[in-house]
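Colleague: My questions concern the predicted model and sequence given below.
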Amino acid sequence: MSFVPAAGFADPVTDANASFRAVLNAMAHPGRLFSITAQPPAPPVLGCGLGSILLALADRDTPLWLSETIAVPEVAGWIGFHTGAQLVGDHRMASFVLFHAQDRLLPLDDFSLGSPEYPDRSATLLIGVERLQEGKGLTLSGPGIESTNRLDIDGIGPEFWQARANLAPLYPLGLDLIFCTQNQVAALPRTTVVEA
Amino acid sequence: MPEGYNFAYLDEQTKRMIRRALLKAVAIPGYQVPFASREMPLPYGWGTGGIQVTASVIGPGDILKVIDQGSDDTTNAVSIRRFFSKTAGVATTERTIDATIIQTRHRIPEHPLHEGQILVYQVPIPEPLRWMEPRETETRKMHALADYGVMHVKLYEDIARFGCIATSYNYPVLVHHRYVMAPSPIPKFDNPKMDRMPALQLFGAGREKRIYAVPPYTSVKSLDFEDYPFEIQRWDQPCALCGAADTYLDEVITDDVGTRLYVCSDSDACQERQKGAA
Amino acid sequence: MYVAVKGGEAAIDAAHRLLAQARRGDESVPELSLEQIGEQLGLAVDRVMAEGSLYDKRLAALAIKQARGDLVEAIFLLRAFRNTLPRLYDCEPIDTALMAVRRRISATFKDLPGGQVLGPTFDYTHRLLDFALAETGNRQEAVAAPAHADAGVAMPHVSSLLGREGLIEPEHGDDDQFPVEDLTREPLDFPASRALRLQNLARGDEGFLLALGYSTQRGFGNNHPFAGEIRIGEVEISIVPEELGFAVTIGAMTVSECEMVNQFKGSKDIPPMFTRGYGLVFGESERKAMSMALVDRALRAEELGEEIAAPAQDEEFVLMHSDNVEAMGFVQHLKLPHYVDFQGELVMVRELRAEREKDEARGKTEVGHA
């Protein structure tokens, strides 16, 4: 059975820029929320937020790994058609890893963390969540944060934060996290210190 | 926009590659991310790294300021500003506070930058250890091990020889307590402005194919020794035009017997102050 | 009252007008056409295509015209244009054994299958200025194309003849196993594969490679070369479109190829045999192909267990400095304003001198008191 993929960005140049700027802002200000204004009609399983970021950043040079719930033919078809990115079965090879908060979690140190010479050759995790809220929840500090920021991320449990904290001693190796809802994005680069 | 070229000149695939490098650069403050720098229609050395970064970041709503040596009217600043007006059709300004993106060669504006602004530096040699070790294979290892012994030896030798650290520009800094970074050849006068700056600082080296970044509110410390603390340049006279005594000054020779006076290097800050005084 | 210097915009506009005027020169002299440049300055066009990494004679001719004959500037123009072109296909590897040869010489065998073909070479011209050429209207006698008995038939490479006896190292064809990296799409990383090194040399500056190749002959990394074979001619370019699944020829291009045969004494594990240095360049560019082959062989020092002692054997030194667009930019950027940094240095040198004078004065007083 074949799908006719849904459309991508309405204006590929301006929309990709807007989506990238939201992610750049989020990465530069960990824990702060930024709007994803460019909303491509991505398959609902993927969501417009993740879809928008993927269209802005993924292409033939970025192997993607999708969690089981996301890796349905409709999503794979849409991503393949609009980005040309290669879907990989081995999550260790992926430069972008996509999953939803409720998906079964793989061990974080199993993803590519980069090498001491090239810590940038590490995975970026794109995580779909129901709700993000500033001003409560986790307490964040580190580069990009004036003193502390607070962020509540729906559906991410303490075992995830423990697993992430276990990576901290490996710095500059590490993983960078991008959380998004349908229309908002927040990021936690590897440098952000998270306290529950 | 010239026919046949994309918004801001670069094709979308190149922009995506640079955008991914920028995100990793922000995530690892001070670390130099290799990127597949493209040949630009301006020569290497004229700011191709900064131009590629700006072209990948800039959107139709941005307001761009370009300075070279602190001034908006330097020929290369004029040329780069025109490049973006032509290829991206964006608004430009000479006022530091109005700009959303400021591309610079060799200076940080005097007026403090605010949150939400992006400062893009043009970088000739991104590797702070290059003068001590010409090989990339070696310097990469040093960064991996945070082995900055050669840098400390160099600074110490300066003190032994001259009684001070004899570096007046491109003075090395330590970013987020981990990476030694070249601040591009800004005068050391500007180094303190980098520390915990509210704006996002992005660095592009086109010929050397490296991108790096300092996120807002990030520790940037100029290397020094306890008994030889870091100091900035001072002049014993103020700007001849606006009277400022706390800015970086250019020396201007006014006749053939060497009479000289000093004027602000930051032309916008100088004009604003002159207007305020009038 | 001092007034800050202004007028950058107006100065740039005036400079551009002056440049256009200088490019055209005296308007009573007929303007050059791209056809004239392509036909009569063909080797300049070839160099610009090779180092500009774009095989397009007309655009290279345009670049030369626009650059007032400054070939490095023309190379830069072509590179900046190339950069904006979409990648449609990767072509199949060209097969130089099937080349329609215009020139083919070997310095290692007096005669060999396919023969020696001198072709249009400067080699045996006496370098006497030909004043007849100063006049236009010269007509050349037509030269009949040499009749090749075996035209269209593969002309084997000298190296393959040596290979039959096992006297030369086999060429490792590893292209099928993994995709060949692309120097223009990924940043260079060390150690670089031979494929990447050859890409770098193929677009590298001819003068730089010539000097490096020459240095290996003078003992800075001697690699005992023989020009096994040089051939220049046309090769077919083909692609395999996905929808067809078989190769289709889309055109032809001129290339110059040089295979150096180098002495190698052998090692504990490898019997004595000859090794190779390889050069391949767009267009007719024999000097560059030969230089490239010398440098390629020198850069294989590590792989062959030789001591790395000379600049031409130093991968990072060669690959990081071969590109003339990069080099010209960084050397020439020194003419851009550096007022700010220079001011920093002025302040520092004055301070250091003041300190020194103070010290000296103090020294004198102390001596005076003693």
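Modeller: Thanks, I have the structure now.
Colleague: what residue ranges in chain A are flagged as low confidence?
Modeller: The model of chain A has pLDDT under 70 over residues A:1-3.
Colleague: Tell me if the top strand by length along chain A is near chain B.
Modeller: In chain A, with assignment by DSSP state E, the single longest strand is strand A:132-141. No - using Cβ under 8 Å from any Cβ of the partner chain, strand A:132-141 stays clear of chain B, with a minimum separation of 9.9 Å. Quick note: C-beta positions are derived from backbone N, CA and C, even for glycine.
Colleague: Tell me the neighbouring strands of that strand, and mark each as parallel or antiparallel.
Modeller: strand A:149-153 (antiparallel), strand A:193-195 (antiparallel) (DSSP bridges).
Colleague: Which residues does that strand contact?
Modeller: In this structure, residues lying in contact with strand A:132-141 by Cβ atoms under 8 Å, 6 or more residues apart in numbering or on different chains are A:30-33, A:147-154, A:161, A:179-181, A:184, A:186, A:188, A:192-196.
Colleague: Give me the secondary structure label for residue 26.
Modeller: No chain in the question, so chain A it is. helix (DSSP: H, G, I helix; E, B strand; the rest coil).
Colleague: if you could check chain B rather than the one you did, that'd help
Modeller: Assignment for residue B:26 (three-state DSSP): helix.
Colleague: Can you name the residues that contact it?
Modeller: Applying Cβ under 8 Å, 6+ apart, the residues near residue B:26 are A:24, A:27, A:28, A:144, A:189, B:200, B:213, B:215.
Colleague: Which pair of these spans the longest distance?
Modeller: Using Cβ to Cβ, the contacts of residue B:26 span at most 12.6 Å, a distance reached by A:189 and B:200.
Colleague: Return every residue with contacts to both of the two.
Modeller: If you check residue A:189 and residue B:200 against Cβ under 8 Å, 6+ apart, the residues they both contact are B:26, B:215.
Colleague: before we move on, the earlier item: list the buried residues in the longest strand of chain A.
Modeller: For strand A:132-141, the neighbour count (16 or more other Cβ atoms under 10 Å in any protein chain shown) marks A:132, A:137, A:138, A:140, A:141 as buried.
Colleague: do stretch B:172-179 as well
Modeller: Neighbour count says stretch B:172-179 has B:172, B:173, B:174, B:175, B:176, B:178, B:179 buried, by 16+ other Cβ under 10 Å.
Colleague: Check which helices and strands the helix or strand where residue B:191 lies sits against.
Modeller: Using DSSP states H and E, residue B:191 sits in helix B:191-194. In terms of contacts (3 or more Cβ pairs under 8 Å, 6 or more residues apart in numbering or on different chains; DSSP states H and E), helix B:191-194 is packed against strand B:220-222.
Colleague: Walk me through which strands the strand it packs on pairs with, and which way each runs.
Modeller: strand B:173-175 (antiparallel).
Colleague: Give me the sheet partners of the helix or strand just after the strand it pairs with and which way each runs.
Modeller: Sequence order places strand B:179-181 as the next helix or strand after strand B:173-175, per DSSP H and E. Using DSSP bridges, the strands paired with strand B:179-181 are strand B:173-175 (antiparallel).
Colleague: The most centrally placed residue in chain A: what's it in contact with?
Modeller: What sits nearest the mean C-alpha location of chain A, by Cα atoms, centre = their mean, is residue A:126, with 1.7 Å. Applying Cβ under 8 Å, 6+ apart, we find residue A:126 in contact with A:50, A:53, A:54, A:96, A:97, A:98, A:99, A:178, A:180.
Colleague: Now for the residue nearest to residue C:42 when sequence neighbours are not counted: which residues touch it?
Modeller: Counting by Cβ to Cβ, 6 or more residues apart in numbering or on different chains, the nearest residue to residue C:42 once its immediate chain neighbours are dropped is residue C:284, at 7.2 Å. The neighbours of residue C:284, taking Cβ under 8 Å, 6+ apart as the test, are C:42, C:43, C:46, C:120, C:232, C:254, C:256.
Colleague: I'd like to know how far the first one sits from chain A.
Modeller: This points to residue C:42. According to Cβ to the nearest Cβ, to the nearest Å, residue C:42 and chain A sit 37 Å apart.
Colleague: helix, strand or coil for whichever residue of the stretch 251-370 of chain C sits closest to chain A?
Modeller: Nearest residue of the stretch 251-370 of chain C to chain A: residue C:316, at 14.8 Å (Cβ to the nearest Cβ). Here residue C:316 is helix, with the state taken from three-state DSSP.
Colleague: Tell me the pLDDT of it.
Modeller: pLDDT for residue C:316: 96.
Colleague: doesn't residue B:137 make contact with it?
Modeller: Yes - assessed by Cβ atoms under 8 Å, residue C:316 is found in contact with residue B:137 at 6.4 Å.
Colleague: Quick check: neighbours shared by the two?
Modeller: With Cβ under 8 Å, 6+ apart as the test, residue C:316 and residue B:137 both reach residue C:190.
Colleague: Mind checking which of the two has more residues around it?
Modeller: Neighbour count, other Cβ atoms under 10 Å in any protein chain shown: between residue C:316 and residue B:137, residue C:316 has more, with 16 against 13.
Colleague: Against residue C:203, how distant is the more buried one?
Modeller: 17 Å (Cβ to Cβ, to the nearest Å).
Colleague: before we move on, the earlier item: which members of the contacts of residue A:126 are positioned in strands?
Modeller: Reading strands off these with DSSP E, I get A:96, A:97, A:98, A:99, A:178, A:180.
Colleague: Tell me the bridge partners for the fourth one.
Modeller: Applying DSSP bridges to residue A:99 gives these bridge partners: residue A:127.
Colleague: Relative to chain C, how far out is residue B:73?
Modeller: 5 Å.
Colleague: which of the contacts of strand A:132-141 count as buried?
Modeller: Counted by 16+ other Cβ under 10 Å, these give A:30-33, A:149, A:151-153, A:161, A:179-181, A:184, A:186, A:188, A:192, A:194 as buried.
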